[in-house]
Each structure stands twice: as C-alpha cells, then as structure tokens.
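In: task: produce atomic coordinates for the following.
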Amino acid sequence: MNVQPSVDLSGGLEQVPVLIERNSRVVLKTEFQYSPDNIKGPGCTVDPCEITLPGCSCHLQSCCTDTCSCFQAHGQAYNSSGTLMDLTAVDSSFCSPVFECNVLCSCSDTCSNRVVQRGVRHSLEVFTTDKKGWGVRTLEPILSGTFVCEYAGEMIGFEEARSRQLSPRCEKNNYIIAVREHAGPGSFVETFVDPSVVGNVGRFLNHSCLPNLFMMPVRVHSVVPRLALFSRRDIDAQEELTFDYSGGHSQQTSGELLSKKAAQDSRTDGLQRKVCYCGAKTCATFLPLDLSILSSPICTSTLLLNGTRGRHW
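Out: As a prediction, the model looks like this:
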C-alpha cells in the first residue's frame with residue numbers, strides 16, 4: 001500500500017503539526033499564509049508583537065500565587081497542569097480576564113502560567129465536511145478546560161473591518177471576528193481579527209449552536225489580547241471542534257439590536273443570513289451576523305465577551 005506522508009499545514013510553525021486531509025492539501029497550501037501569531041494590519045494602533053506588559057521576578061520553575069507579581073495583579077487562571085480553573089465563563093455573560101507570564105518574566109518556560117503562548121499541543125486535522133466546507137477535528141482526546149488553539153490572523157481596526165465586511169470578496173467567506181471586552185460602564189476594548197489571508201488553524205473552525213470550544217481573550221506579552229479557544233467539556237478523538245460565532249449569546253446580541261437600523265443603510269445591501277448546518281437540537285437555523293460592525297462603532301452590549309463571526313459558504 002502506498003501511504004502518503006502526513007503534511008503539516010503550519011509548515012513547522014506549530015509545536016505539534018497541523019495535519020491536512022489528503023484530498024484537501026493542494027487547495028489549502030495555496031489558499032492562505034499560515035501564521036501562529038497575530039500580525040498588525042490596517043487600522044490596528046498597537047503592534048500585537050510589541051511587549052507592553054511588565055514581567056514577574058520569580059526564579060522558580062513555576063510561579064507561586066503568594067509571591068508572583070503577575071498573580072497578585074491579575075489572579076491565577078490555570079491550575080498546575082495548565083488547565084483553566086474557572087469554567088463558569090462557559091455559560092455566563094461575564095468572565096475574568098486572563099494574563100499569562102511573558103517574555104520579561106524570570107520564571108521558566110514550563111511555568112503553569114504559560115499556556116496559550118506555547119501554541120497548539122494536541123494533534124489537529126483540517127478536513128472537508130459534507131455541508132460546511134472546511135472543518136477541524138482532534139485526533140486525540142481533549143480534557144475540559146484545555147487550551148486548544150488561537151483564532152489568529154491579521155489584526156485590523158473598526159473601519160477596515162467594516163470595509164472588508166462589505167467588500168465583494170466577503171460574499172462567499174467572511175472570517176472576521178469582533179470581540180468586545182467591557183471593563184465598566186462606557187469602557188470597552190474592541191479587537192478585530194481577520195485570518196482570511198494570513199491566519200492559523202483556528203481559521204477553519206466551524207460554528208455550532210452547541211459547541212465544544214469557547215473563546216476567551218488572553219493577554220501574554222502585550223495589552224492586545226489573543227483570542228484563545230478552550231474546551232468547554234471533554235472532547236473525544238475524531239470529534240469536530242466548533243465554537244459559537246456569537247460568543248455564546250445566540251442571536252440577541254448587539255448586532256441584532258442594531259439590525260433594523262443597519263438594514264436601512266445601503267451599506268448592508270447584499271448581506272444575507274446563512275443557513276446553519278451544525279445539527280444541534282438547539283440550532284438557531286442561521287449563522288450569527290454581526291451587523292454592529294456595519295452600523296456603529298459604539299457597542300450596546302452589556303456582555304464582557306461578545307464575539308461574532310459569519311462564514312458564508
């Protein structure tokens with residue numbers, strides 16, 4: 001039997017190879033440029049590669065809560081094995097911010113507070129689905145609360161995101177995701193990531209109304225958050241990996257609240273809701289569509305995390 005060797009979609013940029021289903025290799029290798037990290041794009045005011053956060057002075061293999069300045073300033077997010085300690089954000093409108101030790105910290109690279117920065121640690125495979133285009137599945141079991149991968153790509157500003165959302169190239173596939181973090185009344189931070197041209201394996205994750213992953217902003221070296229995806233439950237080998245494009249808050253998000261106003265704006269001409277094929281019993285029928293990107297930069301949502309992305313198949 002002539003067995004073809006496995007091909008790493010990341011080209012060696014990930015710690016663990018991201019495999020490609022054999023009949024998908026040629027297409028994927030020419031479709032986009034793989035990058036495990038975010039890159040600065042138009043409208044992004046802060047370089048995501050710039051080191052802007054201070055480091056701790058711990059000289060231990062793994063930081064301790066009593067002495068680490070990172071823990072004292074931001075709290076402890078992971079246990080000793082690098083798993084999220086608090087999973088209440090899975091079914092909640094609010095979650096606590098996560099800050100990891102960074103390049104300026106004196107602790108070792110194996111510190112339990114270094115998780116997302118280590119990259120992909122589980123065997124993942126990009127494959128073709130029956131109705132949803134590309135998809136990602138895990139080739140090994142993943143325990144609840146485990147970091148799986150980032151949603152990395154080109155970081156852009158609001159106006160650029162709106163322009164790309166309305167461009168002809170987005171009529172088929174729109175990979176832009178918008179995440180809003182609320183720090184108090186009238187105070188929020190918006191992050192826009194577009195992995196359509198430059199991105200990582202997270203680019204191929206499909207939506208589900210009953211997903212097995214959830215997204216959480218994690219800050220490592222910079223104030224610019226990384227959009228990290230964690231397992232919300234134990235996941236079996238060969239199971240497709242999915243997350244909720246609406247951030248876990250179905251259709252009653254800021255985008256829906258602004259939909260009537262946006263629908264009257266000529267800039268939304270041609271945008272149509274896409275059918276959801278997730279197959280969940282709680283399926284909302286259509287993929288989420290964030291019209292707030294098109295109508296106003298002001299976020300009306302009271303959610304700490306509310307990300308919306310619509311992929312058009």
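In: residue 285: how many residues sit nearby?
Out: If you count neighbours by other C-beta atoms under 10 Å, residue 285 ends up with 10. Any C-beta I mention is one placed from the backbone N, CA and C, and that applies to glycine too.
In: nearest spatial neighbour of it, chain-adjacent residues omitted?
Out: Here the nearest residue to residue 285 in space, its sequence neighbours aside, is residue 276; by C-beta to C-beta, 6 or more residues apart in numbering that works out to 6.0 Å.
In: how near is the residue nearest to residue 205 when sequence neighbours are not counted to residue 239?
Out: Beyond its immediate neighbours in the sequence, the residue positioned closest to residue 205 (C-beta to C-beta, 6+ apart) is residue 136, lying 5.3 Å away. Residue 136 is 10 Å from residue 239, where distance means C-beta to C-beta, to the nearest Å.
In: ditto for residue 117
Out: When distances are taken as C-beta to C-beta, residue 117 and residue 239 turn out to be 26 Å apart.
In: ok, back up a step: quick check: the residue nearest to residue 285 touching residue 245?
Out: No - the pair residue 276 and residue 245 fails to qualify as a contact (C-beta atoms under 8 Å) at a distance of 9.4 Å.
In: okay, and the common contacts of these two?
Out: In terms of C-beta atoms under 8 Å, 6 or more residues apart in numbering, residue 276 and residue 245 are both contacted by the residues 207, 287.
In: before we move on, the earlier item: between residue 136 and residue 239, which one's more packed in?
Out: When neighbours are counted by other C-beta under 10 Å, residue 136 and residue 239 differ, and residue 136 comes out ahead with 22 against 14.
In: quick one: pLDDT of that one?
Out: If you check residue 136, the pLDDT there is 97.
In: please, which helix or strand holds it?
Out: Counting by DSSP states H and E, the element that carries residue 136 is strand 134-138.
In: so which elements touch that strand?
Out: strand 124-128, strand 206-207, strand 240-243 (3 or more C-beta pairs under 8 Å, 6 or more residues apart in numbering; DSSP states H and E).
In: mind listing the strands that strand pairs with, and their directions?
Out: Here strand 134-138 has these sheet partners by DSSP bridges: strand 124-128 (antiparallel), strand 240-243 (antiparallel).
In: gap between the shortest one and the chain center?
Out: Strand 240-243 has its C-alpha centroid displaced from the chain centroid by 12 Å (C-alpha atoms, centre = their mean, to the nearest Å).
In: try the first one
Out: Its chain's C-alpha centre and that of strand 124-128 lie 17 Å apart, by C-alpha atoms, centre = their mean.
In: sort out which residues of it are buried, please.
Out: Of the residues in strand 124-128, those with enough neighbours to count as buried (16 or more other C-beta atoms under 10 Å) are 124-127.
In: any chance you could map the strands in the stretch 201-313 of the chain?
Out: With DSSP state E, counting those that start in this stretch as the definition, the stretch 201-313 of the chain shows strands at residue ranges 206-207, 213-219, 226-231, 240-243.
In: and the stretch 1-150 of the chain, by the same measure?
Out: In the stretch 1-150 of the chain, the segments counted as strands under DSSP E, counting those that start in this stretch are 18-20, 33-34, 39-40, 98-99, 124-128, 134-138, 147-150.
In: so which of these is the most packed in?
Out: Among the strands of the stretch 1-150 of the chain, judged by mean count of other C-beta atoms under 10 Å, the one packed with the most neighbours on average is strand 147-150 (a mean of 25).
In: that one pairs with which strands?
Out: Paired strands of strand 147-150, defined by DSSP bridges, are strand 226-231 (antiparallel).
In: give me the contact list for the strand it pairs with.
Out: Strand 226-231 is touched from outside by 38, 84, 98, 116, 142-152, 177, 179, 191, 193, 202, 205, 212-220, 241, 243, 307, with contacts defined as C-beta under 8 Å, 6+ apart.
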